[in-house]
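> Below is the sequence, then the predicted model.
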Amino acid sequence: MAFKIIAYGVEPYEEHLYTDLNKYGYQVTLVNDLLTADNGDLAEGHDGVLLFVNCLADRANLKKFNDYGIKYVFTRTAGFNHIDLQAAADFGMKVARVPAYSPNAIAELAVNLGTALSRSMVYTTGRTAKLNFAVTETMFSHEIRKSTVGIVGTGHIGCVEAELYKGLGAKLLGYDIFQSDFAKKLVEFKELDELLAESDIVSLHLPYFPGKNENFVGEEFISKMKDGAILVNTARGEIVDEAAVVKAIKSGKLAGFGADVLTDEARFFGKDFSNGEAFPDATIKELIELYPQVLITPHVAAMTDEAVSNMISTSYDNFNAVLTGGDLGRAEVQLPEPAAK
């Protein structure tokens, strides 16, 4: 009998990939909605669950899966902060992820946001779209080849971004606790305060550790940045204090902010509030209203054909590894010790 997987958060335009890449013959149920508090029961009758970013894999849903006999809760993302790892350990589950699907996808969006803000591209095209071709001071900008880009977090994604900016002629600075030999070929490593003081664009590629680095980027961090700098976040929303960004944009300390992620974004990403429905976060709404100095995309950095295909195929490989006694390697998420009963 075929192994049954339920995949949450599958967009209609990517459904065909789940069939095209299904080389193991799994029986796959596709759910367009993310996993929420209301649709965990759809997993009944399945052997494994495949999640996406912002799925609610909390203790309640994991208990429900455990009651259904499900022991494999995998995510097709690199991050796994949407999964309650302690609960997974307590229920004896195995958790796996996709450690690298396409660093280019995220890095390209980070560069797009940084360069668009640097050249005031959205501001300018917004005016010409209204047939206003008058040139203003806002359109006066620096060339990237004369700019310094600071990359905070020089893993796979950060290094690809460095390569892209290097191709444009930028000076590259980096900050990371672990300084890989490969990264050293691309960036000049600096202490964080030095990087912030010297960089025209600061791009974040830090993992989010709940309870440890919330609001890593706050008023103190921003105060150390170069006046008129641009901040880009394609990592996780929780590492940035959006209220501090609002204050910095309004004061002119920051010239721009670009983000593909926001704090507790599952409240609004994937939903349409353009009909006047109340937005659930006043601070983030205020941030969005600073457009076009603030450019927000709804966590779509990985929405490329290459990245999505890699997410799915690697997830299938992960299921095959555990079913055949293979090694998950870097894909396996290390769980804490089960809580004492």
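Yep, that arrived.

> all strands for this structure, in order.
Here the chain has its strands, by DSSP state E, at 4-8, 27-31, 48-51, 72-75, 94-96, 148-152, 171-175, 188-189, 201-204, 229-233, 254-259, 294-296.

> In this protein, which residue is most central in space?
Ala235 (4.5 Å; C-alpha atoms, centre = their mean).

> Which pLDDT value goes with Gly270?
Here, the pLDDT recorded for Gly270 equals 86.

> could you point out where this structure is predicted with low confidence?
Applying pLDDT under 70 to the chain picks out residues 340-341.

> Nearest residue to the spatially most distant residue from the centre of it in space, please, no chain neighbours.
In the chain, the residue that sits farthest from the middle, by C-alpha atoms, centre = their mean, is Ala134; the gap is 36.7 Å. Counting by C-beta to C-beta, 6 or more residues apart in numbering, Arg127 is the residue found nearest to Ala134 once chain neighbours are left out, at 7.4 Å. Backbone N, C-alpha and C define where each C-beta goes, glycine included.

> mind listing what that neighbour touches?
Phe133, Ala134, Thr136 (C-beta atoms under 8 Å, 6 or more residues apart in numbering).

> What is the neighbour count of the last one?
Thr136 is flanked by 11 other residues according to other C-beta atoms under 10 Å.

> ok, now how distant is it from Thr124?
8 Å (C-beta to C-beta, to the nearest Å).

> swap in His299?
26 Å.

> What segments of the stretch 51-200 of the chain are helices?
59-67, 85-90, 103-118, 121-128, 156-167, 181-184, 192-198 (DSSP state H, counting those that start in this stretch).

> can you put these in JSON lines and add distance to Asn215?
Shown next, in JSON lines, are those (distance: least, C-beta to C-beta, whole Å):
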{"stretch": "helix 59-67", "distance to Asn215": "25"}
{"stretch": "helix 85-90", "distance to Asn215": "22"}
{"stretch": "helix 103-118", "distance to Asn215": "20"}
{"stretch": "helix 121-128", "distance to Asn215": "27"}
{"stretch": "helix 156-167", "distance to Asn215": "20"}
{"stretch": "helix 181-184", "distance to Asn215": "26"}
{"stretch": "helix 192-198", "distance to Asn215": "15"}
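
> do you know which of those helices lies nearest Arg76?
Closest approach to Arg76 among those (C-beta to C-beta): helix 103-118, 13.3 Å.

> follow-up on the earlier one: can you tell me how far the residue nearest to the centre of the chain is from Ile70?
Applying C-beta to C-beta, the value for Ala235 to Ile70 is 30 Å.

> swap in Lys285?
Going from Lys285 to Ile70 by C-beta to C-beta gives 38 Å.

> Over to Ser274?
In terms of C-beta to C-beta, Ser274 sits 37 Å off from Ile70.

> between these two, who's got more neighbours?
Ile70 (22 against 6).

> my guess is the more buried one meets Leu51, correct?
No - the pair Ile70 / Leu51 is not scored as a contact, 11.9 Å apart, by C-beta atoms under 8 Å.

> Counting neighbours, what do you get for Thr75?
When neighbours are counted by other C-beta under 10 Å, Thr75 comes out with 28.

> Enumerate every residue touching the closest residue to it other than its chain neighbours.
Using C-beta to C-beta, 6+ apart and skipping the chain neighbours, the partner closest in space to Thr75 is Leu51 (4.3 Å). Neighbouring residues of Leu51 by C-beta under 8 Å, 6+ apart: Tyr8, Gly9, Leu35, Ala57, Val73, Phe74, Thr75, Arg76, Thr77, His82, Ile83.

> Next: Leu34.
Shown in contact with Leu34 (C-beta under 8 Å, 6+ apart): Tyr8, Gly9, Phe52, Asn54, Cys55, Leu56, Ala266, Gly270.

> Now with 6 Å, please.
Tyr8, Gly9, Asn54, Cys55 (C-beta atoms under 6 Å, 6 or more residues apart in numbering).

> Next, count neighbours for the closest residue to the third one other than its chain neighbours.
What that stands for is Asn54. Spatial nearest neighbour of Asn54, excluding adjacent residues (C-beta to C-beta, 6+ apart): Ala266 at 3.9 Å. Neighbour count of Ala266, defined by other C-beta under 10 Å: 17.

> Test my guess that Ala266 contacts Cys55.
No - in this structure Ala266 lies outside contact range of Cys55 using C-beta atoms under 6 Å: 8.2 Å.

> relative to helix 103-118, how tilted is the longest helix anywhere in the chain?
Ranked by residue count and defined by DSSP state H, the top helix of the chain is helix 305-323. Relative orientation of helix 305-323 with respect to helix 103-118: 150 degrees, computed using axes from the mean of the first three to the mean of the last three C-alpha atoms, to 10 degrees.

> Buried ones in helix 305-323, by neighbour count?
307-319, 321-322 (16 or more other C-beta atoms under 10 Å).
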